[in-house]
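Asker: Starting from these lines, generate the structure:
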Amino acid sequence: MNDPVTWAVVGTGAIARRFCSDMRHSRGSRVVAVASRDAARARRLAGAVGPGVKGDTLDAVLADPAVRAVYVASPTARHREHALAALAAGKSVLVEKPLAASAGEATEMAEAAARAGLLCMEAMWMRFTPGLRAAKRLIDGGRIGEPRALDAHLSYPNAFDPKSRLFDPALGGGAHLDLGVYPLSLAFHLLGSPSEVAQTAVRAPNGVPVAGGLVLAYPRAVATLGFGFLSEGPNDAAVSGSAGRLRLRAPFLCPPSLSLKTWAPSPPVRAGDQPDDVSIPLARKGLRGALPALKALARPMRERPIPTLYVGSGLQYQVDHFADLLGAGKQDSDVMPIAQSIEILAILDRFSETLSDPR
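Answerer: Residues are numbered from 1 along each chain as shown. The predicted structure follows:
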């Protein structure tokens, strides 16, 4: 087993507190410091984490030789600044999603990590949860045949407030960066890079996207993705293939279970093929007439449930992966490559540019 990784957390918001809580479930990593512009707030969170945890300004925490890795949990607009500072101090960094406010900023972070010989990874925690790992294994193992379609939606209601970080473009606000990055990353993880992308959105009065959709085209598949702040969405996902369908129960970020339905692959349809039977079935009366509806009700029971239980809220699984990478001396992740984080942000950049004109 590798030596435990000692962490500093940059930020004191909700995601930083969740990270500190889930670290209790990690295989050995532990938080030793909390950094914030407000040292008093950093000390309060540090005290809640446990005795001996340091709370101070970012400069003071980064100068501490006891810190080996840094989790950047500040607002998106400050990810670049804080990640570059940590890398300059010789610390590897795990950066909360999205990796940066733009693909250009993310590229700068990747180049700085490469020059320093350090690890920089986006904290796309869903890719490391038990449910997503199981789904990836099933799909890559051919259990649903060739993937043909992905449908995923993530939406939680948030009332418009121009002062909130969720709606302030200067802080990296917008549903596309806060929520849309998840289904987009899911599509890349399960289907790879698309050949074409189409997008649409609903915007707040200040022009920030509050809901939207993306359609990703592949040579033999399509991904239909939705996200937003307007309402509570189904927040699940489904992957359909030539020989089956896999559902990721809500929330698909960390699904408590999957369900699998398989069938024999359909034979290819050749040009000129015509069905032999063109008869019309006779109408059925009474209970027999309700058979189609009863069969439809029974369809979900044909799906095999696959429990994928997790502990905590699931953030610790990415930490364990990060620790394994450090122990192996690796500077990139095979599960969340930084090049893919940049490619995803490039799509979100174009999404934002398309929406920047209020006409």
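
Asker: Now do the helices in this structure.
Answerer: For the chain, the helices defined by DSSP state H cover 14-22, 39-49, 58-62, 79-88, 103-116, 130-140, 175, 181-191, 291-298, 316-327, 338-355.

Asker: For Phe167, find the nearest of the ones you listed.
Answerer: helix 175 (9.2 Å; Cβ to Cβ). (Glycine included, C-beta is placed from N, CA and C.)

Asker: Run through who's touching that closest one.
Answerer: Outside helix 175, the residues that touch it by Cβ atoms under 8 Å, 6 or more residues apart in numbering are Leu166, Ala201, Val208, Pro209, Val210, Ala211, Gly212, Phe227, Gly228, Phe229.

Asker: so the second one sits right up against Val208, yeah?
Answerer: This means Ala201. No - assessed by Cβ atoms under 8 Å, Ala201 is found out of contact with Val208, at 9.5 Å.

Asker: returning to that earlier point: as a markdown table, the helices of the chain with mean pLDDT and mean neighbour count would be great.
Answerer: A markdown table is the format used below for the helices of the chain (pLDDT from 0 to 100; neighbours: other Cβ atoms under 10 Å):
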| stretch | mean pLDDT | mean neighbour count |
| --- | --- | --- |
| helix 14-22 | 98 | 18 |
| helix 39-49 | 98 | 18 |
| helix 58-62 | 98 | 19 |
| helix 79-88 | 98 | 22 |
| helix 103-116 | 98 | 18 |
| helix 130-140 | 98 | 18 |
| helix 175 | 96 | 28 |
| helix 181-191 | 98 | 24 |
| helix 291-298 | 61 | 10 |
| helix 316-327 | 98 | 21 |
| helix 338-355 | 87 | 19 |
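
Asker: Need these in TSV (columns: distance to Arg30).
Answerer: Shown next, in TSV, are the helices of the chain (distance: least, Cβ to Cβ, whole Å):
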stretch	distance to Arg30
helix 14-22	10
helix 39-49	9
helix 58-62	15
helix 79-88	18
helix 103-116	23
helix 130-140	22
helix 175	34
helix 181-191	27
helix 291-298	50
helix 316-327	10
helix 338-355	25
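
Asker: So which of the contacts of helix 175 is the closest to Lys261?
Answerer: So of the contacts of helix 175, ranked by how close each gets to Lys261 (Cβ to Cβ), first place is Phe227, at 26.0 Å.

Asker: ok, the closest one to Val202 distance?
Answerer: Distance, Phe227 to Val202, using Cβ to Cβ, to the nearest Å: 11 Å.

Asker: The two: which has the busier surroundings?
Answerer: More crowded of Phe227 and Val202, by other Cβ atoms under 10 Å: Phe227, with 29 against 14.

Asker: Just the pLDDT for the more buried one.
Answerer: Among the per-residue scores, Phe227 shows a pLDDT of 97.

Asker: OK, contacts around it?
Answerer: Phe227 is in contact with 153-155, 175-176, 179-180, 182-183, 211-213, 233, counting by Cβ under 8 Å, 6+ apart.

Asker: Residue ranges in the stretch 151-300 of the chain under the pLDDT threshold?
Answerer: 266-300 (pLDDT under 70).

Asker: Domain boundaries for the protein, per the record?
Answerer: Taking automatic domain parsing as the reference, the chain has its domains at 6-124, 130-266+301-309.

Asker: Pull up the distance across the longest one, start to finish.
Answerer: One end of domain 130-266+301-309 to the other measures 7 Å (Cα to Cα, to the nearest Å).

Asker: Same question for the first one.
Answerer: The first residue of domain 6-124 is 20 Å away from its last residue (Cα to Cα).

Asker: Same question for stretch 119-138.
Answerer: End-to-end for stretch 119-138, by Cα to Cα: 29 Å.

Asker: For it, what is the distance to the chain centroid?
Answerer: Offset of stretch 119-138 from its chain centre (Cα atoms, centre = their mean, to the nearest Å): 8 Å.

Asker: count of neighbours near the closest residue in space to Gly28 that isn't next to it in sequence?
Answerer: In space, Gly28 comes closest to Pro4 once its chain neighbours are excluded; the distance is 3.9 Å by Cβ to Cβ, 6 or more residues apart in numbering. Pro4 has 14 neighbours, counted by other Cβ under 10 Å.

Asker: Pro4 touches Arg30, doesn't it?
Answerer: Yes - with contact defined as Cβ under 8 Å, Pro4 counts as touching Arg30 (6.1 Å).

Asker: What spatial separation is found between the residue nearest the centre of the chain and Gln316?
Answerer: Centrality entry for the chain: nearest residue to the mean C-alpha point is Tyr182, 3.5 Å, by Cα atoms, centre = their mean. Per Cβ to Cβ, Tyr182 is found 18 Å from Gln316.

Asker: what does Ser74 give?
Answerer: As defined by Cβ to Cβ, Ser74 lies at a distance of 20 Å from Gln316.
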